[in-house]
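> coordinates only, sequence not included:
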């Protein structure tokens, strides 16, 4: 991002308030803690958060920790899921040695991830959705993933609009086109791991790690070979986690 303006400061402050409100409300509806599972998912999410790929056309990156964040959403309390999302985001965005930490960017990333995670958790645990005749676990997971997708991509597009003056629709469309397939794959992997873990235990979540490493390598190779074709014009620096 360029130097923060008053509008971007106001937008970041709004995201912080939305994150606090969403986390508080989601946390109020779920109190059961799963410490061992939470620690395992946190470790996997933090490690894979450093597996990042550069998105062509956008000065930002995408990490491959989403399946573990979704596992936290569907199996843990809202507070645990938000903590895992925020810690893994901090690990992802922590600057390399020699680089300078940008407090505004880190604050936006953390609040955006907390907001997206809390909304996804609320969708997953929505009692009215579970009671509908057409509801099923895959459909509810798809709905939670869609909420996560919008909760991440819309704020990122918004901050770019304010900071860089780019067209909001064009920015969001570019981000969505590059990242949507990854969300679909992550939701499918989460569903499979979740199904197997119900029979063999939560330790089966470890199986997802080599899969995400393979996806990370595939994305890097694909974007490296197709960077010119996928990069019609630079948009801006994305602020955050998952992007």
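Yes, it's here. Predicted, not measured: the structure shown is a model, and the values here were computed from it.
> Residue 158 contacts residue 166, correct?
No - Residue 158 is beyond contact range of residue 166, at 10.7 Å (criterion: C-beta atoms under 8 Å). C-beta: built from backbone N, CA, C; applies to glycine.
> Let me see the mean pLDDT of whichever helix in the chain runs longest.
Taking DSSP state H as the criterion, the chain has its longest helix at helix 168-200. For helix 168-200, the mean pLDDT works out to 80.
> got it, and stretch 64-84?
Stretch 64-84 comes out at a mean pLDDT of 89.
> The chain should start at 3 in everything you say after this.
OK, 3 is where the count begins now, so the last one is stretch 66-86.
> Give me the residue ranges of the protein where confidence is low.
3-6, 32-33, 54-64, 129-137, 198-245 (pLDDT under 70).
> Helices of that one, start to end?
8-30, 37-51, 68-77, 80-95, 105-126, 129-132, 139-166, 170-202, 210-227.
> want to throw the ones you listed into a markdown table with mean neighbour count?
Formatted as a markdown table, the helices of the chain follow (neighbours: other C-beta atoms under 10 Å):
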| stretch | mean neighbour count |
| --- | --- |
| helix 8-30 | 17 |
| helix 37-51 | 19 |
| helix 68-77 | 27 |
| helix 80-95 | 23 |
| helix 105-126 | 24 |
| helix 129-132 | 10 |
| helix 139-166 | 21 |
| helix 170-202 | 17 |
| helix 210-227 | 15 |
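> show me what contacts the closest residue to residue 196 other than its chain neighbours?
Closest residue in space to residue 196, ignoring its immediate chain neighbours: residue 76 at 6.2 Å, by C-beta to C-beta, 6 or more residues apart in numbering. Residues in contact with residue 76 (C-beta atoms under 8 Å, 6 or more residues apart in numbering) are 126, 143, 146, 192, 196.
> again, only using 10 Å
Contacts of residue 76 were listed using C-beta atoms under 10 Å, 6 or more residues apart in numbering, and they are 83, 122-123, 126-127, 139, 142-143, 146-147, 192-193, 196.
> tell me which of these is nearest to residue 28?
Distance to residue 28 across the contacts of residue 76 (C-beta to C-beta) is lowest for residue 123, with 4.8 Å.
> Which residue comes closest to the closest one once chain neighbours are left out?
Residue 123 sits nearest to residue 80 (C-beta to C-beta, 6+ apart), 4.4 Å away.
> Please verify my assumption that that neighbour contacts residue 146.
No - contact status for residue 80 versus residue 146: not in contact, 11.8 Å apart, counting by C-beta atoms under 10 Å.
> can you list residues touching both of these two?
Counting by C-beta under 10 Å, 6+ apart, the residues touching both residue 80 and residue 146 are 119, 121-124, 126-127.
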